[in-house]
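> My questions are about this predicted structure, shown below with the sequence.
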Number of protein chains: 2
Amino acid sequence: MDQGASGRRPATATDGRLARGERRRAEIIDATLRVVERDGAAGVTHRTVAREAGVPASLTTYYFATLDDLLVAALTEVSDEYVRQLDEIVESGGDEVGGLAELIVAAAGNGRRRALAERELSTLAARRPALRPVARRWRDTVAEIARLHTSDPLAVDAMVAAADGMCAAILLAGERPDVSRVRAVLARTLGTGEADVSLPITSGSHRGSRLERGQ
Amino acid sequence: MDQGASGRRPATATDGRLARGERRRAEIIDATLRVVERDGAAGVTHRTVAREAGVPASLTTYYFATLDDLLVAALTEVSDEYVRQLDEIVESGGDEVGGLAELIVAAAGNGRRRALAERELSTLAARRPALRPVARRWRDTVAEIARLHTSDPLAVDAMVAAADGMCAAILLAGERPDVSRVRAVLARTLGTGEADVSLPITSGSHRGSRLERGQ
DNA sequence: GTGGTTATTGAACGATAGTACAAATAGAAC
DNA sequence: GTTCTATTTGTACTATCGTTCAATAACCAC
């Protein structure tokens, strides 16, 4: 443990109780996400989450007084993670559109359950105005990627909508789509028809994203 | 055993009991849709639907043994209605893309609750393979509209995805978007950048769909 | 150590859920 | 009329829900 020299301030760093509380809180949120992935948002209750996390039911109500608080926290968590992935794609500096395409296609494989959870929680957000900013952050980040390639606000809208719509299509289709095809659709929405979009095909930033040249 | 002595009729036409049953069934489905619109898919129970329909709770279980049956029926109903509206747009023969844009924008106004219900139920469908064909019918019909204007499968995918994504954006945004802007985005996804899409601006098929000429 | 704060637990309450089932009603077939 | 089938209702059972609450354990400040 910590041998308390003079006081450290942030409270959550010094107070072991608060630190443990933060950890517990994170554990419960993770368990909530697992429940959403397995049974859907409708399966989230204080008790089911508690069972999933291996804690008494009263502990989940201690950290999240209402069921809504729990869902808000879960949506925030999954949204944060997606935004983080998008930021990585941007910062890696290579083919951002191709990277986005790979992220979208991942919703057919390993990322399916997570993508499903994000969609369920976002749909839930449509009824809770307070949740809308959180649910919109994925769209905002995709819009930033679009603005790297065009200044046309119409093109930005188009790519954001297409990205979201293709995610939905993949979740509903079940069959794995082609990354190059997804990328081609994104490029189509971005570009005005010229070579505008297909710029940085250069080095292997997102290797594997084989680009289709034919429009 | 059944004595199939005389008539071979549809039964529902001759037998007043079955006819009444069909009517009751439809009433319950409508009530279910109202519950979904008001409280979301999570608010659907045998009892809440029964209260909404003004019938005893046991009657909803008589017609829909499981809760899933009820949701399937509701999704089928709302999906049917949307496909019907799209068919009307196509059959009216005018500016189909503009008509689609108007339908999408309607999700910000009067059609909001219905669009929300459709989205909630469709999201539900992602977990039930048997439901996927039903949830995909809107997309299929939009694809048909796209194919009226292009033979490029990539363009078809793009417009379907964009249409779906813009619906989601509108439900999450809350602010009413511009019909002409939505139409412009759809046209962008369809066209290769040329005048290809903006063909049938002719007579007032869907009056009010003011087209923006500038791409 | 004492005192105060936070985390954690178990038990209980009332409300509501899905489900089952027997009885009652209405219409069809005879 | 009788008989059969389909619809409709009331009721009861069991399970789980959100929520509350008092009591305990862990921890920090002194």
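Ah, there it is. The shown structure was predicted, so the numbers you read here are calculated from the model rather than taken from an experiment.
> Next, the closest residue to residue A:44 other than its chain neighbours: secondary structure please.
Spatial nearest neighbour of residue A:44, excluding adjacent residues (C-beta to C-beta, 6 or more residues apart in numbering or on different chains): residue A:35 at 5.4 Å. All C-beta atoms are positioned from the backbone trio N, CA, C, and that covers glycine. Under DSSP: H, G, I helix; E, B strand; the rest coil, residue A:35 falls in the helix class.
> Can you name the residues that contact the residue most central in space within chain A?
Geometric centre of chain A, nearest residue: residue A:82, 2.5 Å, by C-alpha atoms, centre = their mean. With contact set as C-beta atoms under 8 Å, 6 or more residues apart in numbering or on different chains, residue A:82 has these partners: A:118, A:138, A:141.
> DNA strand D: which of these is nearest?
residue A:118 (20.7 Å; C-beta to the nearest atom of the strand).
> Looks like the closest one contacts residue A:76 (just checking).
No: counting by C-beta atoms under 8 Å, residue A:118 does not reach residue A:76; the two are 11.2 Å apart.
> excluding its backbone neighbours, what's nearest residue A:64?
Spatially, and ignoring its direct neighbours in sequence, residue A:64 is nearest to residue A:70 (4.2 Å; C-beta to C-beta, 6+ apart).
> Show the average pLDDT along the helix or strand harbouring the one you found.
Using DSSP states H and E, the element containing residue A:70 is helix A:67-92. Mean pLDDT, computed over helix A:67-92, is 93.
> does DNA strand D sit close to that helix?
Yes: counting by C-beta under 7 Å from any atom of the strand, DNA strand D is contacted by helix A:67-92 at residue A:67.
> number of nearby residues for the residue in chain A that DNA strand C sits nearest to?
Relative to DNA strand C, the nearest point of chain A is residue A:21 (2.3 Å; C-beta to the nearest atom of the strand). When neighbours are counted by other C-beta atoms under 10 Å in any protein chain shown, residue A:21 registers 14.
> got a list of what it touches?
Counting by C-beta under 8 Å, 6+ apart, residue A:21 touches residue A:63.
> mind giving me the domain split of chain A?
As assigned by the TED database, chain A contains the domains A:22-65, A:75-192.
> and the helix or strand of chain A with the lowest mean pLDDT, how far out from the chain's middle?
One helix or strand of chain A scores below all others by mean pLDDT, DSSP states H and E: helix A:16-39, with a mean of 89. Offset of helix A:16-39 from its chain centre (C-alpha atoms, centre = their mean, to the nearest Å): 17 Å.
> quick one: residue A:170 from residue B:76, how far?
Relative to residue B:76, residue A:170 is positioned 23 Å away (C-beta to C-beta, to the nearest Å).
> Those two: which is more packed in?
Between residue A:170 and residue B:76, residue A:170 has the larger neighbour count (other C-beta under 10 Å), namely 24 against 16.
> wait, what's in contact with that one?
Contacts of residue A:170 by C-beta under 8 Å, 6+ apart are A:104-105, A:107-108, A:115, A:177.
> Please flag which of these sit within strands.
Applying DSSP state E to these, no entry is found in strands.
> My understanding was that the residue nearest to residue A:64 contacts residue A:32; is that so?
Yes: using C-beta under 8 Å, residue A:70 is in contact with residue A:32, at 5.6 Å.
> which neighbours do these two share?
The contact lists of residue A:70 and residue A:32 share A:44, A:49, where a contact means C-beta under 8 Å, 6+ apart.
> who has more neighbours, the two?
Neighbours were counted for residue A:70 and for residue A:32 using other C-beta under 10 Å; residue A:32 has more, 28 against 24.
> re the thing from before, give me the buried subset of the contacts of residue A:82.
Among the contacts of residue A:82, those classed as buried by 16 or more other C-beta atoms under 10 Å in any protein chain shown are A:118, A:138, A:141.
> Let me have those in TSV, extended by secondary structure.
Output for these, formatted as TSV (three-state DSSP):
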residue	secondary structure
A:118	helix
A:138	helix
A:141	helix
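> Dump the residues you listed to a markdown table, plus pLDDT.
Output for the buried ones among the contacts of residue A:82, formatted as a markdown table (pLDDT from 0 to 100):
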| residue | pLDDT |
| --- | --- |
| A:118 | 95 |
| A:138 | 95 |
| A:141 | 96 |
